[in-house]
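below is the structure, and that's it, no one-letter string:
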């Protein structure tokens, strides 16, 4: 049975993932690991090729093999599952000042929406509000994911500065 997981650890992993870095939950330890696509490609290598790798890469290769060949690791939602544009849109709609809300809604349309949005939240000094809103949305996504996958969340959250 998977030990209880801190919601903050899951949110941090969602925030850290990228097009080439993927988060997985180790069901045995409760640890969240971030694995590169390069590391995952090791799982396709023959065992003899893995034996020739330096020790630090052998550990990565063995992790990749465990991720790909066992049910010990569970992939967290991908960036495509998260729909961050929808989160940005919800954030814009909850802004109280009409002129700021209208400007933010305008910049999230079309190409480069994320870059323009980030520029505008900088201009309007809304980073703290955005970060809090985004983490809350990620928390809701992860709570639902945990429920769907039978993962228990730890009762106490980690305390950190600025959160």
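Right, received. Where do you want to start? Keep in mind it's a predicted model, so treat the numbers as computed, not measured.

and the strands in the chain?
21-26, 32-36, 73-75 (DSSP state E).

summarise which helices and strands the least confident helix or strand in the chain by mean pLDDT is packed against.
In the chain, the helix or strand scored least confidently by mean pLDDT, DSSP states H and E is helix 47-51, which has a mean of 81. With contacts defined as 3 or more C-beta pairs under 8 Å, 6 or more residues apart in numbering; DSSP states H and E, the packing partners of helix 47-51 are helix 55-69. (C-beta placed from N, C-alpha, C; glycine too.)

contact partners of the helix it packs on?
For helix 55-69, contacts defined as C-beta atoms under 8 Å, 6 or more residues apart in numbering pick out 24, 33, 35, 39-43, 45, 50-51, 53, 72-73.

make it 7 Å
With contacts defined as C-beta atoms under 7 Å, 6 or more residues apart in numbering, helix 55-69 is touched by 24, 35, 39, 40, 42, 43, 45, 50, 53, 72, 73.

returning to that earlier point: quick one: closest of the strands of the chain to residue 108.
Relative to residue 108, the nearest member of the strands of the chain by C-beta to C-beta is strand 21-26, separated by 24.7 Å.

show me where pLDDT drops low in the chain?
Where the chain drops to pLDDT under 70, the residues are 157-163.

kindly tell me how buried residue 85 is, as a neighbour count.
For residue 85, the neighbour count with other C-beta atoms under 10 Å is 12.

list the contacts for the residue nearest to residue 103 when sequence neighbours are not counted?
Using C-beta to C-beta, 6 or more residues apart in numbering and skipping residues adjacent in sequence, the residue nearest residue 103 is residue 120, 6.1 Å away. Applying C-beta under 7 Å, 6+ apart, we find residue 120 in contact with 103, 104, 107.
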